[in-house]
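Participant: Kindly return the folded structure for what I paste below:
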Amino acid sequence: MSQVRDAGRPDPPRLAGQPVVIDTDIGGDPDDAVAFAVAALCVPDLALVLTADEHDGQRARFARHFLDLLGRPDVPVVSGRDLGNDRYLAIDGLTPADVPAQPDDVIAAVTATAEATGGPIRWVGLAPMSNLADLLTTRPPLTDQMHVTQMGGALNYRDPSRAEHNVRLDVAAAKAAIAGAARPRLVISDVTFTPDIEITPGSPVHRHLDAAEPGTWQALLGDHLDQWFAGFHPGTMQHDPLTLSAALDLPFLDFELEHIALDDIGRMHKDPDGIEVFLAHNPDYPAFWRWLLTCLDTPTPAAHTVEPARPR
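Facilitator: Predicted structure coming up:
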């Protein structure tokens, strides 16, 4: 698949080998954690993890624990913006008490990563865009260095009365981030909300994770899925791993240069006078799914287990 089918129109830049920064609301819908595992196992260029829509630093502590189990203690975690939400957390008792609070200066962490590389940075947005908006408004010189692939928005959202989740939770940030980034790639809900890429209770992936040895990253992800299925939804569609694949320039989505705008509550529509973005379309779900399963079977960089956390 080509990234963009229309000859003569610009393609999103290809940035293989450049540092990857993941901005995630891990701990809610487990598709974040699946993307996180894939990145830790299959992306040696993973340089920094930020958390968004924080819950008193719980997402960042869980991310730190998960990264350590995945054999990536080299990747720093920084706790990002807390939006005051108290929903969508499915990690009760899964982070050991001795995992410390993580640093919380997002601007300093991204600036340090940018200065260390001196070149492009691949930003993988899997969460509300609060951290990205803060960064682009506080440090405008970084705009040209940041190449943004963001999961968020929808042209035809399943509930026309509201915006897609990542936009809806911080509409002002979404507007600022999309306007401030240089032609961001948007992986919209139109291509991610499908049972073709869903993990459900009792599915092969779920059964495999639930059967894992306690204290492994697989067992932790299985426990996270169990909490999500029991308390929130009977499935998790892999919005975020598909977004990660796009940021890695893998050929599972095409992108079309479009002009879009967001209304007052964050609903997206095409607008000839709007902001230039690359919108995802034409997904190849079978190829994506094969890649995802292959990555999840990748051995950890260094086999690592710990005593599982005891439920509180």
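
Participant: any idea how far Trp217 lies from His65?
Facilitator: 9 Å (Cβ to Cβ, to the nearest Å). Bear in mind the C-beta positions are built from the backbone N, C-alpha and C, glycine included.

Participant: One more: Asp226?
Facilitator: To His65, Asp226 is 17 Å away according to Cβ to Cβ.

Participant: which of Trp217 and His65 has more neighbours?
Facilitator: The residue with more neighbours, out of Trp217 and His65, is Trp217; 27 against 21, by other Cβ atoms under 10 Å.

Participant: any idea how far the more buried one is from Ser79?
Facilitator: Going from Trp217 to Ser79 by Cβ to Cβ gives 21 Å.

Participant: Does anything pack onto the longest helix belonging to the chain? Which helices or strands?
Facilitator: Determined from DSSP state H, the single longest helix within the chain is helix 217-231. Packing partners of helix 217-231 (3 or more Cβ pairs under 8 Å, 6 or more residues apart in numbering; DSSP states H and E): helix 31-42, helix 58-69, helix 204-210.

Participant: Show me where this structure has its strands.
Facilitator: Assigned strands in the chain, in chain order: 20-24, 46-51, 77-79, 121-126, 146-151, 185-187, 198-199, 236-237, 254-262, 268-270, 275-281 (criterion: DSSP state E).

Participant: how about CSV for the ones you listed, with mean pLDDT and distance to Val205 added?
Facilitator: Shown next, in CSV, are the strands of the chain (pLDDT from 0 to 100; distance: least, Cβ to Cβ, whole Å):
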stretch, mean pLDDT, distance to Val205
strand 20-24, 98, 19
strand 46-51, 98, 22
strand 77-79, 98, 25
strand 121-126, 97, 19
strand 146-151, 96, 20
strand 185-187, 98, 21
strand 198-199, 98, 5
strand 236-237, 98, 10
strand 254-262, 97, 26
strand 268-270, 98, 30
strand 275-281, 98, 23
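
Participant: Output the ones you listed in JSON lines, with distance to Pro140 and mean neighbour count appended to each entry.
Facilitator: Putting the strands of the chain into JSON lines (distance: least, Cβ to Cβ, whole Å; neighbours: other Cβ atoms under 10 Å) gives the following:
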{"stretch": "strand 20-24", "distance to Pro140": "17", "mean neighbour count": "27"}
{"stretch": "strand 46-51", "distance to Pro140": "19", "mean neighbour count": "26"}
{"stretch": "strand 77-79", "distance to Pro140": "20", "mean neighbour count": "23"}
{"stretch": "strand 121-126", "distance to Pro140": "15", "mean neighbour count": "27"}
{"stretch": "strand 146-151", "distance to Pro140": "11", "mean neighbour count": "26"}
{"stretch": "strand 185-187", "distance to Pro140": "20", "mean neighbour count": "28"}
{"stretch": "strand 198-199", "distance to Pro140": "39", "mean neighbour count": "18"}
{"stretch": "strand 236-237", "distance to Pro140": "35", "mean neighbour count": "23"}
{"stretch": "strand 254-262", "distance to Pro140": "21", "mean neighbour count": "18"}
{"stretch": "strand 268-270", "distance to Pro140": "24", "mean neighbour count": "17"}
{"stretch": "strand 275-281", "distance to Pro140": "16", "mean neighbour count": "21"}
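
Participant: Nice, that's everything, thank you.
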